[in-house]
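[1] For reference, the sequence and a predicted model appear below.
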Amino acid sequence: MMLLTQAVTVDVSALNLDIWDVIMRLACAMVVGMVIGIEREYTHRPASLRTHILVALGACVVSITGELLFHHYSALGSSADPARLSAQVITGVGFLGTGTILREGATVKGLTTAASVW
């Protein structure tokens, strides 16, 4: 078995993603989640401000991570797919939304909450 002793350098210059770009993306995600959450909190609905901010920030972090991983591994010759992580976010948030749907007798509650989280 051959061990790699040389460090691998990856050129991500085509990415052009510095710390301020990351901060701006996170800030935009937080503002969008905050706007939706404030509206939900104002109308006294479940899954309000904190929930929407956390879901928006989490989705943004996973998207940034997917983009960085794509550029890192494509520079090494791999055919990575950055949409895979985003697809998993959609699935995971869908499961979170499903947990907010409740059936009480003949009525179903929480569909709007589930849709707003998703």
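    Thanks, I have the structure now. None of the values given here were measured: they were computed from a predicted structure.
[2] neighbours of the closest residue to residue 101 other than its chain neighbours, just the number please.
    Nearest residue to residue 101, sequence neighbours excluded (Cβ to Cβ, 6 or more residues apart in numbering): residue 110, at 4.4 Å. For every residue, glycine as well, the C-beta is placed using N, CA and C. Residue neighbour count, defined by other Cβ atoms under 10 Å, stands at 19 for residue 110.
[3] what residue ranges in this structure are flagged as low confidence?
    Within the chain, the stretches with pLDDT under 70 are 1-16, 75, 103, 108, 111-112, 118.
[4] all strands of it, in order?
    Along the chain, counting by DSSP state E, strands occupy 102-104, 107-109.
[5] hey, which helix is longest across the chain?
    Identified as the longest helix of the chain according to DSSP state H is helix 49-75.
[6] if we can go back for a sec, for the residue nearest to residue 101, what are its contacts?
    46, 100, 101, 102 (Cβ atoms under 8 Å, 6 or more residues apart in numbering).
[7] ok, 7 Å please
    For residue 110, the contact set (Cβ atoms under 7 Å, 6 or more residues apart in numbering) comprises 100, 101, 102.
[8] Test my guess that the first one contacts residue 116.
    No: using Cβ atoms under 7 Å, residue 100 is not in contact with residue 116; the gap is 9.3 Å.
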